[in-house]
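# Here's my sequence, what's the structure:
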Amino acid sequence: MSGQKSHNLLVLNVGFTVELDGPGQRMVVYLKGCNMRCPWCAAPESISPRPEALFYPGRLNDSSRAITVCPHGAITVVEDAVQRNTAVCDSCDTLECLNSDNPAFERAGEEIGVQELVEKVIRYKSFFPKLGGVTIGGGEPTCQFSGVKAVLAKLREKDIHTAIETNGTSKLLPRLFPTLDLLFIDLKHPDNKTAEKLTGQGNEIIMSNIRERHAQGGQIIVRICLVPGFNSDDDTLNAFGSILSEIGPLNVEILPFHRRGEVKWKALGHEYPSKNVQEPSPELVQHAQSILSNYGLKVR
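Have a look, this model is predicted:
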């Protein structure tokens, strides 16, 4: 990853969830940087492998307050409308706007040392119930492979339950299996060409990693983000069922597409790529679960 020190991780956020990102209460470490470009991404600020500034002009009573914060002229006001020149922001490595107390600017990405992160986990260890632990997500964790591998190894030494949420495209992923209690792995579309066209990555390595994890007997959950108009039709759902059931009675989780990331796309200065996509109805989600279950998959 560009600019990443060998013993540092570029972290987007650290939070807590319960029964969402693995068993029990989890500390979830969201890393920054992803090798996919999914147009429905709910965390677009996690895509770039460098720190960024999100801009929320609506947080200001006087939008002109934002102009002086950027010394490079990225923020202007034209006819009372705040405009951001994303080309200026994309080429900025100094991010002076984040050194101010202006509430319109929000940092995305902070370097944290591997040992510092592990010590943070240990301080919170008493909050983990017996089934709790740590989940590393993203972005795509394997984009920072060496740091993630080091963190997982240190957590395993402390007898802390570990999980990772990955798009599965890294050939190096199996090297993490010995230090992983649970693997969440995405499959965007069963057709390789369609997946590559929409996300920038094909399925060959993903399917290989799913097969290897299953063959080793390690716990694995395949996640499918259900996106209407992309992978929600019966033919596609049956194709999902067919290729996954060939591997075995895998655990599969349907994640309904949602639009909560739209505000972040705008805060990065980009148009929302999925503005015409509607969230799937509960009936469609249940229909998808039913089809996959017919293939002997353990669906939730």
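
# what ranges of the stretch 101-250 of the chain fall below the confidence cut-off?
Within the stretch 101-250 of the chain, the set of residues satisfying pLDDT under 70 is empty.

# All the helices of it, residue numbers only.
Assigned by DSSP state H, counting those that start in this stretch, the helices in the stretch 101-250 of the chain fall at 114-123, 145-157, 192-199, 204-216, 234-245.

# Just send the ones you listed back as TSV, with distance to I185 and mean neighbour count too.
For glycine as for every other residue, the C-beta is placed from the backbone atoms N, C-alpha and C. Shown next, in TSV, are the helices of the stretch 101-250 of the chain (distance: least, Cβ to Cβ, whole Å; neighbours: other Cβ atoms under 10 Å):
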stretch	distance to I185	mean neighbour count
helix 114-123	23	15
helix 145-157	15	19
helix 192-199	13	16
helix 204-216	6	17
helix 234-245	11	17
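
# got a list of what the residue nearest to S64 when sequence neighbours are not counted touches?
Distances taken as Cβ to Cβ, 6 or more residues apart in numbering put V77 closest to S64, at 5.6 Å, once the chain neighbours are dropped. Shown in contact with V77 (Cβ atoms under 8 Å, 6 or more residues apart in numbering): S63, S64, I67, Q83.

# gap between the residue nearest to P141 when sequence neighbours are not counted and H214?
Using Cβ to Cβ, 6+ apart and skipping residues adjacent in sequence, the residue nearest P141 is V148, 4.9 Å away. Applying Cβ to Cβ, to the nearest Å, the value for V148 to H214 is 21 Å.

# related to what we said a few turns ago, selecting buried members of the contacts of V77 in ChimeraX, what would you type?
This is the ChimeraX syntax for the buried subset of the contacts of V77, where burial follows 16 or more other Cβ atoms under 10 Å:
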select :63
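
# Tell me the strands beside the helix or strand that contains the residue nearest to S64, with direction?
Using DSSP states H and E, V77 maps to strand 75-78. In the sheet, strand 75-78 lines up against strand 81-84 (antiparallel) (DSSP bridges).

# Only C-alpha atoms, please: export the helix or strand that the partner strand is followed by in CSV.
Note on strand 81-84: by DSSP H and E, the next helix or strand toward the C-terminus is helix 86-90. Listed next in CSV are the C-alpha coordinates belonging to helix 86-90 (Å, rounded to 0.1, in the frame of the first residue of the first chain):
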residue,chain,number,x,y,z
THR,A,86,-12.1,17.0,-6.1
ALA,A,87,-9.1,17.1,-8.5
VAL,A,88,-7.3,19.4,-6.1
CYS,A,89,-8.2,17.2,-3.1
ASP,A,90,-7.1,14.0,-4.9
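
# in helix 86-90, what counts as buried?
C89.

# now do stretch 70-77
Across stretch 70-77, burial judged by 16+ other Cβ under 10 Å covers C70, A74, I75.

# tell me the mean pLDDT for stretch 71-91?
The average pLDDT within stretch 71-91 is 88.

# And that stretch, end to end?
Start and end residues of stretch 71-91 are separated by 13 Å (Cα to Cα, to the nearest Å).

# thinking again about what came up before, nearest to K32, out of the helices of the stretch 101-250 of the chain?
Distance to K32, taken as Cβ to Cβ, is lowest for helix 145-157 among the helices of the stretch 101-250 of the chain, at 11.7 Å.

# Please give the centre-to-centre distance between the closest one and its chain.
Distance, stretch centre to chain centre, for helix 145-157: 19 Å (Cα atoms, centre = their mean, to the nearest Å).

# Alpha carbons of it, as PDB, please.
Only the C-alpha atoms of helix 145-157 are listed here, as PDB (Å, rounded to 0.1, in the frame of the first residue of the first chain):
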ATOM      1  CA  PHE A 145      -1.400  -8.000   4.300                       C
ATOM      2  CA  SER A 146       1.800  -7.900   6.400                       C
ATOM      3  CA  GLY A 147       0.300  -5.700   9.100                       C
ATOM      4  CA  VAL A 148      -2.900  -7.800   9.300                       C
ATOM      5  CA  LYS A 149      -1.000 -11.000   9.500                       C
ATOM      6  CA  ALA A 150       1.100  -9.600  12.400                       C
ATOM      7  CA  VAL A 151      -2.000  -8.400  14.300                       C
ATOM      8  CA  LEU A 152      -3.800 -11.700  13.900                       C
ATOM      9  CA  ALA A 153      -0.800 -13.700  15.100                       C
ATOM     10  CA  LYS A 154      -0.500 -11.500  18.200                       C
ATOM     11  CA  LEU A 155      -4.200 -11.800  19.000                       C
ATOM     12  CA  ARG A 156      -4.000 -15.500  18.600                       C
ATOM     13  CA  GLU A 157      -1.200 -15.500  21.200                       C
END
